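Colleague: coordinates only, no sequence provided:
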């Protein structure tokens, strides 16, 4: 069948992947390259980190060539780009960046974040944009550029977020979609448009941004140079998707009554609701809202550290002698032999202080209960348990803030592959945890919208129904009650440490 395959560029903070997905949800080919930040050349600070656009594009383009060699390119109906939120850059109409893409992984805007409350009430920001003040918010970077590199904004024709920058590489057209824009702390979330009062903080207005494209709309067509670089047929429709998290619910087959846990370097626990309802409780507990991939829907969510904490444990405790990918299998096997409670070790996974349920206590990453006999597997088990306690806390916040009755947790992303972690999630939450055999939920969701945009499906519901999935369900076990007691102890730690961390 002609025209039944979507090529998805999945630009992650750790991996750059290109996948070809058919209309049944089967991944026909894939290629992957490592991604990493770079030091900003000639920067005033030797810790400033950026995304090297040409390096990223080169890796995605060669990955796409590999994929195109494995599939019949006459079947390719569309190509799309999905990637992380918050990061973008000022751009000229010819695609030239007037300032590098500042990475969310560095903190040049921390001082701006700390003093923003002197300019505008953070509750007012939340009620308008659905966003908390986090140091890597895009708007803070626009403000930083206005104060420190205003010529970059003056020389630019517009601002693009990361999906738009890479889509422009493919087709030469400007685009910004609501899912990516909703990560900027610059939108009127209820109206799904720009917030004039927020943009004014950076002395900007909506004219500095392209017209909206909704996920599933065609941005343009692959031009000759991109076709040569990627192996894609020239003229292939480039369809908008956007911020990766917003497409996982569709690719995973998320059901009514479920909450989605997107588990990667970061974990995002989110719902799909038909109202934007900012409340004081949600604001005080760290809730965020972003635009769903479909209009008139919103995604209340908690943003927390995820497997980035486990990677830190792997690097510090398991890889001193030069470990590799097999470390995780060994770590999981060793942690299975550790009893619940990790030998009295507790780990608070708040490695980014202003995210997650503990943000209101200014909590940092913390390990408690160490003794001379503490082992690396105990610390890894404590890491898994701490992430699950964090998740349960976030579940309780979501339920109270929205009134949504959560009946199960659907887990997607790399963290869904860890059976031990999934079982602890079920035991800590007391809820069934659902995973699918095809765990590339974000890529599959983006492919659904791309194929719909190319005319393969009449609606997103039809597209979701066409994808084939097999599910695994982890039910709470006999140790769930023990974890309830451990969770209650965990909840007491951040308030106790608040005075220490705010000194």
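Modeller: Cool, the structure landed. In this text, all values refer to a predicted model and were calculated from it rather than measured experimentally. Residues are numbered from 1 along each chain as shown.
Colleague: what residues does stretch 338-351 touch?
Modeller: Contacts with stretch 338-351, where a contact means C-beta atoms under 8 Å, 6 or more residues apart in numbering, come from 304-305, 308-309, 312, 356, 358-359, 363-371, 373-375, 377-379, 381-383, 385-387, 390, 427, 479, 482-483, 486, 489-490, 493-494, 497. Bear in mind the C-beta positions are built from the backbone N, C-alpha and C, glycine included.
Colleague: what are the buried residues along that stretch?
Modeller: 338, 341, 342, 343, 345, 346, 347, 348, 349, 350, 351 (16 or more other C-beta atoms under 10 Å).
Colleague: of these, which is the nearest to residue 152?
Modeller: The shortest approach to residue 152 among the buried residues of stretch 338-351 belongs to residue 351, at 30.4 Å (C-beta to C-beta).
Colleague: how far away is that closest one from residue 363?
Modeller: Residue 351 sits 10 Å away from residue 363, taking C-beta to C-beta, to the nearest Å as the criterion.
Colleague: make sure residue 359 is actually in contact with residue 287.
Modeller: No - using C-beta atoms under 8 Å, residue 359 makes no contact with residue 287, being 10.6 Å away.
Colleague: shared neighbours of these two, which are they?
Modeller: residue 132.
Colleague: and those two? Which one has more around it.
Modeller: Legend: neighbour count by other C-beta atoms under 10 Å for residue 359 and residue 287, higher for residue 287 (25 against 21).
Colleague: residues contacting the more buried one?
Modeller: Per C-beta under 8 Å, 6+ apart, neighbours of residue 287: 132, 300, 301, 302, 397, 398, 401.
Colleague: show only the entries of these found in helices.
Modeller: Per DSSP state H, helices hold the following members of the contacts of residue 287: 397, 398, 401.
Colleague: and the pLDDT for the first one?
Modeller: The score at residue 397 is 95. That number is its pLDDT.
Colleague: give me the number of residues near it?
Modeller: The burial count for residue 397: 21, using other C-beta under 10 Å.
Colleague: likewise for the last one?
Modeller: The number of residues packed near residue 401 is 21, by other C-beta under 10 Å.
Colleague: going forward can the numbers begin at 15, since that is how I track them
Modeller: All set: I'll call the first residue 15, so the last point we hit is now residue 415.
Colleague: the strands in the stretch 365-514 of the chain, which residues?
Modeller: Applying DSSP state E, counting those that start in this stretch to the stretch 365-514 of the chain gives strands spanning 380-382, 422-426, 447-450, 485-488.
Colleague: and the helices in the stretch 65-214 of the chain?
Modeller: For the stretch 65-214 of the chain, the helices defined by DSSP state H, counting those that start in this stretch cover 67-84, 124-129, 136-143, 152-162, 164-169, 176-185, 192-195, 210-213.
Colleague: dump these to CSV, plus distance to residue 237.
Modeller: CSV is the format used below for these (distance: least, C-beta to C-beta, whole Å):
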stretch, distance to residue 237
helix 67-84, 13
helix 124-129, 38
helix 136-143, 35
helix 152-162, 27
helix 164-169, 24
helix 176-185, 6
helix 192-195, 22
helix 210-213, 31
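Colleague: one step back: which members of the contacts of stretch 352-365 are classed as buried?
Modeller: Buried residues within the contacts of stretch 352-365, counting neighbours by 16+ other C-beta under 10 Å: 318-319, 322-323, 370, 372-373, 377, 379-381, 388, 391-393, 395-397, 399-401, 404, 441, 493, 497, 500, 504, 507-508, 511.
Colleague: list the contacts of residue 477.
Modeller: Per C-beta under 8 Å, 6+ apart, neighbours of residue 477: 37, 264, 462, 463, 465, 466, 470, 471.
Colleague: what about 7 Å?
Modeller: When contacts are counted by C-beta atoms under 7 Å, 6 or more residues apart in numbering, residue 477 touches 462, 465, 466, 471.
Colleague: could you list which of those belong to helices?
Modeller: 462, 465, 466.
Colleague: so which of the residues you listed is the most crowded?
Modeller: For the ones in helices among the contacts of residue 477, the largest number of neighbours (other C-beta under 10 Å) sits with residue 462, at 30 neighbours.
Colleague: what's the nearest residue to it if we skip its chain neighbours?
Modeller: Using C-beta to C-beta, 6 or more residues apart in numbering and skipping the chain neighbours, the partner closest in space to residue 462 is residue 477 (4.2 Å).
Colleague: helix or strand: which one has residue 252?
Modeller: strand 251-257 (DSSP states H and E).
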